[in-house]
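J.: okay, predicted coordinates and the sequence, questions at the end:
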Amino acid sequence: MTASRVISPREPAGTVHPEGIITRYTLNERLNHWFAALTYLYCLITGLAFWSPYMYWLAAIVGGGPTARFWHPWFGLAFTVSVFLMYDMWHRDMRTTEADKQWSKDVEYYIKNEDEKLPPIGRFNHGQKIFFWLMLYGIILLLISGIGLWFVESIPWSLHWLRYLAVTIHVAAALATIGGFIIHVYMGTAMVRGGFTSIIRGEVSTAWAKTHHRLWYEQVTGDTSTKK
Ligand code: HEM
C-alpha cells in the first residue's frame, strides 16, 4: 500500500509527503489506540468470565478468578483514561456533518464495497463516528456503574435498588460496546484494506485517502481536481 518508511513521531495527522503518503494517525494517537485496545480486551475477557458461568473458563487465561476480579476495575479505569484521551485527540473530527448524513443514506454502497458510489466524506466516516460516540458514552456509563459495583458495600441496604440498577447499566453498556467493538474490528481488519496498516504505521497512500475519505484528502492536499 505504502512505501517502507516510518513517518516521523512528531508529524501531525494530515501531513502530505511528496512520495504520495499522508499521515493518518500520529504516534500518540496510535499508542493510545493500542493501549485502549489492550485494556478493553482485558475488561472484555474478565467481564465475560464474571457474567456467565459458561464463560468462567476465560478467567483461567488471565490468572484465575480472584486475580481477574482484582484487576478488572483497574483495567477499566485505564481504559476510561484512554477513551478520554481519544476524545481529546479526535472529538473535533468526530462531529456529524451534512456529508455524513448523506453518506449514511447511501450506506448500502459501503456494505457492498462500491465506494465509488458514495458521497465524499472527511477524515472519518459516519460509522466510525457513531462507534467513537458509542464508546465514549458507553465508558461513562460503565465508569459510574462500575464504581457502584466496586464499592457495593458502601451502598446502604435502604438504597439496594441502586445495586440492581448498577448491575443492569453495567451489563447493558458492556453489551452495547461489545456489539460496536465486533463491528469495528471486522471493518478495520477484514473490510477496509489499508485501514489496519494505518493504525500501526500511521500512514496511508494518497490514493487510499482519495478513495475512502475524499473531503479529508482535498483538505490536506489542497487538490480539488476530483471534485464532482
Ligand atoms: C483489537 C482491537 C482493535 C482493532 C483490531 C482496531 C482496529 C482499528 C483500525 C484498523 C483503525 C483505523 C481505521 C481507519 O482509519 O480506517 C482503528 C481506528 C479507531 N479505533 Fe480501533 N481497533 C481495536 C480496538 C479499539 C477499541 C477498544 C477502541 C475503543 C475506544 C477503538 C477505537 C477506535 C477509534 C475511535 C478509531 C478511529 C475511528 C475508527 O476507525 O473507528 N479501537 N481501529
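T.: Received the coordinates, thanks.
J.: stretch 64-81 near the ligand at all?
T.: No. Against the ligand, stretch 64-81 shows no contacts by Cβ under 6 Å from any ligand atom, the least distance being 7.5 Å. Backbone N, C-alpha and C define where each C-beta goes, glycine included.
J.: pLDDT averaged over the helix or strand encompassing residue 80 - what is it?
T.: Element membership of residue 80 [criterion: DSSP states H and E] is helix 65-90. The average pLDDT for helix 65-90 rounds to 98.
J.: for it, packing partners?
T.: Here helix 65-90 touches helix 27-51, helix 57-60, helix 126-150, going by 3 or more Cβ pairs under 8 Å, 6 or more residues apart in numbering; DSSP states H and E.
J.: try it again with 10 Å
T.: helix 27-51, helix 57-60, helix 126-150, helix 161-186 (3 or more Cβ pairs under 10 Å, 6 or more residues apart in numbering; DSSP states H and E).
J.: list the buried ones in stretch 55-62?
T.: 58-59, 62 (16 or more other Cβ atoms under 10 Å).
J.: could you dump these to a markdown table with distance to residue 160 and pLDDT?
T.: Supplementary listing: the buried residues of stretch 55-62 in a markdown table, determined by distance: Cβ to Cβ, whole Å; pLDDT from 0 to 100:
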| residue | distance to residue 160 | pLDDT |
| --- | --- | --- |
| 58 | 29 | 97 |
| 59 | 27 | 96 |
| 62 | 30 | 94 |
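J.: okay if I get those as CSV plus distance to the ligand?
T.: Output for the buried residues of stretch 55-62, formatted as CSV (distance: Cβ to the nearest ligand atom, whole Å):
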residue, distance to the ligand
58, 16
59, 20
62, 16
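J.: coming back round to it: quick one: which of the helices and strands packed on helix 65-90 is nearest residue 14?
T.: Judged by Cβ to Cβ, the one of these that comes nearest to residue 14 is helix 27-51, at 11.7 Å.
J.: wait, residue 26 touches residue 201, no?
T.: No. Contact criterion Cβ atoms under 10 Å: residue 26 and residue 201 do not qualify, at 11.8 Å.
J.: which one in the protein is furthest away from the centre?
T.: Each residue of the chain has a distance to the centre, and by Cα atoms, centre = their mean the biggest one is for residue 158: 38.8 Å.
J.: you'd agree it is in a strand?
T.: No. With DSSP: H, G, I helix; E, B strand; the rest coil as the criterion, residue 158 is helix rather than part of a strand.
J.: packing partners for the helix or strand of the chain with the lowest mean pLDDT?
T.: Scoring the helices and strands of the chain by mean pLDDT, DSSP states H and E places helix 107-111 at the bottom, with a mean of 89. In terms of contacts (3+ Cβ pairs under 10 Å, 6+ apart), helix 107-111 is packed against helix 98-105, helix 126-150.
J.: who touches it?
T.: With Cβ atoms under 10 Å, 6 or more residues apart in numbering as the test, helix 107-111 has contacts from 103-104, 114-119, 125-127, 187, 191-192, 212.
J.: repeat the analysis, applying 7 Å as the threshold.
T.: 117-118 (Cβ atoms under 7 Å, 6 or more residues apart in numbering).
J.: ok, is it in contact with the ligand or not?
T.: No. Helix 107-111 lies out of reach of the ligand by Cβ under 6 Å from any ligand atom, never closer than 12.2 Å.
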